[in-house]
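[1] Would you be able to build a 3D model of this:
(one chain, ligands or ions: 2)
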Amino acid sequence: MSAVTSSPLGNATIYFYGAGSMAEAIFRGLVEGKLTAPERITVSNRQNAERLRELESRYGVIGAGDDTAKQRGLKEADVVVLGMKPKDAAAAIRSLAPLLRPDQLIVSVIAGLPIATIEQLLGGKRPIARTMPNTSSTIGLGATGISFSDSVTSTHRELTLAMFDAVGMTSVVEEPLIEAVNGVSGSGPAYVYYLMEAMIQAGVELGLTPEAARDLTIQTVRGASEMVRLTGEDPAELRRKVTSPNGTTQAAIETLESFSFQEGMNKAIVRCAERARELGAAIREEASKS
Ligand SMILES: NC(=O)C1=CN([C@@H]2O[C@H](COP(=O)(O)OP(=O)(O)OC[C@H]3O[C@@H](n4cnc5c(N)ncnc54)[C@H](OP(=O)(O)O)[C@@H]3O)[C@@H](O)[C@H]2O)C=CC1
Ligand SMILES: O=C(O)[C@@H]1CCC=N1
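    Ligands and ions are numbered 1, 2, ... in the order given. Below is the predicted model of the structure:
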């Protein structure tokens, strides 16, 4: 087995049920950060065998491509991560139920899916961590909100925190706030990429080469983020320091205000959280059909 750093994760076996972008972001972070030996990670999906082969060869994880391998992997797992889309969740979790042990920690990354619905689909109380990570976990800079079901033990808690601390920062919140986390940081990278797309495009329109526009934008977003983090100052105060009275930044901010930029961001985040609740309600409804 590959050398791994000592952590509560060191000896845990983790099964990723669903092998998409979010699952990959997490196990890539774990493997590349040497927090878990790749042999301790099993991944499976619904049908895409090519994807499993790709993940095996890229990270050294075990792809469970058939029912026997899935059953073996699930039986040996300490942690089972649910990583499918909300629309697939009810059917997938229901089919998983007979293959799980009651002591296994279930970690869900599924947007909107309440702990109570997972328990309903699994047929009873379970140790469950409902999480809302983001794809920056890929490079160890993820931000993950976590809430726990009543039946988690301190070991389960430690394991969950170790898993997500290994790929970024974590914030434990009450379950009703997970949708707020979804609005701010789960979907958050997309807002920042959207902003960056606009900055690059405008730079090019003003005559910069695409490379220069991209490099300048990347460094600006990175520098601004690090300024907030390292100085501890409020973003509003840092913004004030960039904005000379009657200068260029003021002209830019006034233009953004004329498009109600902050109101738009606020509405987007509130709508995102609301959409998570809608997705959760749809799964709950499906779960209640026997
Ligand atoms: N992407 C993101 O930024 C974030 C996503 N999330 C949440 O993560 C979850 C996954 O999202 P994402 O990774 O983007 O989605 P993807 O579409 O990239 O991946 C979904 C995976 O689920 C698998 N799957 C679907 N149905 C089943 C099933 N019945 N049994 C086993 N596996 C199944 C798919 O397999 P196949 O390809 O074979 O169909 C695929 O591997 C979602 O619930 C989302 O809300 C949370 C935070 C951030
Ligand atoms: O767009 C989505 O639904 C998922 C959840 C958070 C980020 N991506």
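[2] neighbours around the residue of the stretch 101-250 of the chain found nearest ligand 1, how many?
    Closest to ligand 1 within the stretch 101-250 of the chain is A111: 3.2 Å, counting by CB to the nearest ligand atom. Where C-beta positions appear, they are placed from N, C-alpha and C, glycine not excepted. Look at A111: counted by other CB atoms under 10 Å, it has 22 neighbours.
[3] Now do the same contact list for it.
    Contacts for A111 (CB atoms under 8 Å, 6 or more residues apart in numbering) come out as 86, 132, 182, 186, 276, 279-280.
[4] Go through the residues you listed and name the one nearest ligand 2.
    G186 (3.8 Å).
[5] Please name the residues that touch the residue nearest to that closest one when sequence neighbours are not counted.
    Counting by CB to CB, 6 or more residues apart in numbering, M132 is the residue found nearest to G186 once chain neighbours are left out, at 4.3 Å. M132 makes contact with 109, 111, 144-146, 178, 181-182, 185-186, according to CB under 8 Å, 6+ apart.
[6] before we move on, back to that, and the gap between the residue of the stretch 101-250 of the chain closest to ligand 1 and E175?
    Distance, A111 to E175, by CB to CB, to the nearest Å: 13 Å.
[7] Same question for Q201.
    Q201 sits 39 Å away from E175, going by CB to CB.
[8] one step back: now do the phi/psi pair for the residue nearest to G186.
    Torsion angles at M132 (phi, psi; degrees, to the nearest 10) stand at phi -130, psi 90.
[9] Show me what it is bridged to.
    G145 (DSSP bridges).
[10] Mind pulling up the pLDDT for M1?
    What the model reports as pLDDT for M1 is 53.
[11] SS state for the residue of the stretch 101-250 of the chain closest to ligand 1?
    Secondary structure state of A111, per DSSP: H, G, I helix; E, B strand; the rest coil, is coil.
[12] Please list all residues in contact with the closest residue to it other than its chain neighbours.
    Leaving aside its sequence neighbours, A111 sits nearest to A276 (CB to CB, 6+ apart; 5.0 Å). A276 makes contact with 111-112, 178-179, 182-183, according to CB under 8 Å, 6+ apart.
[13] Recalculate using a threshold of 7 Å.
    111-112, 179, 182 (CB atoms under 7 Å, 6 or more residues apart in numbering).
[14] Just send those back as TSV, with distance to A97 and pLDDT too.
    Below are these laid out as TSV (distance: CB to CB, whole Å; pLDDT from 0 to 100):
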residue	distance to A97	pLDDT
A111	21	98
G112	20	98
E179	25	98
N182	25	98
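[15] For A91, state which of these is nearest.
    Ranked by distance to A91 (CB to CB), the contacts of A276 are led by G112 at 15.8 Å.
[16] which outside residues touch the helix or strand encompassing R51?
    Assessed by DSSP states H and E, R51 sits inside helix 49-59. Helix 49-59 has contacts (CB under 7 Å, 6+ apart) with 19, 24, 27-28, 31, 38, 43, 45, 61-63, 65.
[17] So which of these sit within strands?
    When DSSP state E is applied, the contacts of helix 49-59 are split such that 43, 62-63 fall in strands.
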